[in-house]
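sequence-free structure coming up:
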């Protein structure tokens, strides 16, 4: 099983639609979870962190299911400007504070919002 | 606040040549990362520094890649000799927070795009 696995898409959805992305991760000891957004030929930028209780930021909702090792991102009322690649990100496993804990990125899900 | 600075933005070399990339993280950020992003893939961690010490270089191809962060601030990543498969964007990122498995936001530079012919 890959460390972080995402459906690459592309997802083509009409403006105003709701779209959901899923992501699975392999290491049950991971503690930090994020969604990053990457525009074409640009660097990744943090979209939102993902918490166990679920969290919402405007039109975006993120959920974490630790038992299933599954993360989701929901975008409501999609806008043309939401077109981008969405990267699921999970940290590595050494939680001692002195060990390796860099972030592992999925391949990304490409979203295209159509007018 | 100034962001993460990287140079050069673009570099074209022939295989077997060498290349070096430079990164200046956000002031005060102790943790610095180098990622490699091949077209169509997510960023892959090459090396992670905490101040001037290496935390993780498990995915760095050490026969050809090297990186240093001598004074705990700037960092350089070198490839020698380059191969065709090294064509990618090399992203530097820094973070201010890292504690017992909890990681803060990563701030990325614009990247250095390498083409190996």
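Done, it's in. Note that this is a predicted model, so its numbers are computed, not measured.

List the contacts of residue 112.
Went with chain A since none was named. A:10-13, A:83 (CB atoms under 8 Å, 6 or more residues apart in numbering or on different chains). Any C-beta I mention is one placed from the backbone N, CA and C, and that applies to glycine too.

actually it's chain B I care about, not the one you picked
Shown in contact with residue B:112 (CB under 8 Å, 6+ apart): B:6-11, B:21, B:89-90.

how close does it sit to chain A?
From residue B:112 over to chain A the distance is 11 Å, taken as CB to the nearest CB, to the nearest Å.

for residue B:110, same thing?
According to CB to the nearest CB, residue B:110 stands 6 Å off from chain A.

The closest residue to that residue other than its chain neighbours: neighbour count?
Setting aside the residues directly before and after it, residue B:110 is nearest to residue A:43 in space (CB to CB, 6 or more residues apart in numbering or on different chains), at 5.6 Å. Neighbour count of residue A:43, defined by other CB atoms under 10 Å in any protein chain shown: 23.

Same question for residue A:108.
Neighbour tally, residue A:108, other CB under 10 Å: 26.

Am I right that it is in contact with residue A:86?
Yes. Taking CB atoms under 8 Å as the definition, residue A:108 is a contact partner of residue A:86 at 6.4 Å.

Can you check which residues contact both of the two?
Residues touching both residue A:108 and residue A:86 (CB under 8 Å, 6+ apart): residue A:38.

moving C-terminal of the helix or strand containing residue A:85, what's the next helix or strand?
Residue A:85 is part of strand A:84-91, with elements assigned from DSSP states H and E. Downstream of strand A:84-91, the next assigned helix or strand under DSSP H and E is strand A:103-105.

Quick one: mean pLDDT for that next one?
Summarised as a single mean, pLDDT over strand A:103-105 is 90.

Check stretch B:37-47 too.
Averaging pLDDT along stretch B:37-47 gives 95.

any idea how far the residue nearest to residue B:5 when sequence neighbours are not counted lies from residue B:7?
The shortest distance from residue B:5 to any non-neighbouring residue, by CB to CB, 6+ apart, is to residue B:24 (4.3 Å). Distance, residue B:24 to residue B:7, using CB to CB, to the nearest Å: 9 Å.

which residues of chain A score low on pLDDT?
A:93-101 (pLDDT under 70).

shaky segments in chain B?
B:1, B:97-102.

List the residues that contact the spatially most central residue of it.
Compute the mean C-alpha point of chain B, and by CA atoms, centre = their mean the closest residue is residue B:34, 2.4 Å away. The contact partners of residue B:34, by CB under 8 Å, 6+ apart, come to B:23, B:45-47, B:67, B:75, B:77, B:90-92.

Buried only: go through the contacts of residue A:112 for me.
Among those, those buried by neighbour count (16 or more other CB atoms under 10 Å in any protein chain shown) are A:11, A:13, A:83.

who touches the last one in this structure?
With CB under 8 Å, 6+ apart as the criterion, the residues that contact residue A:83 are A:111-113.
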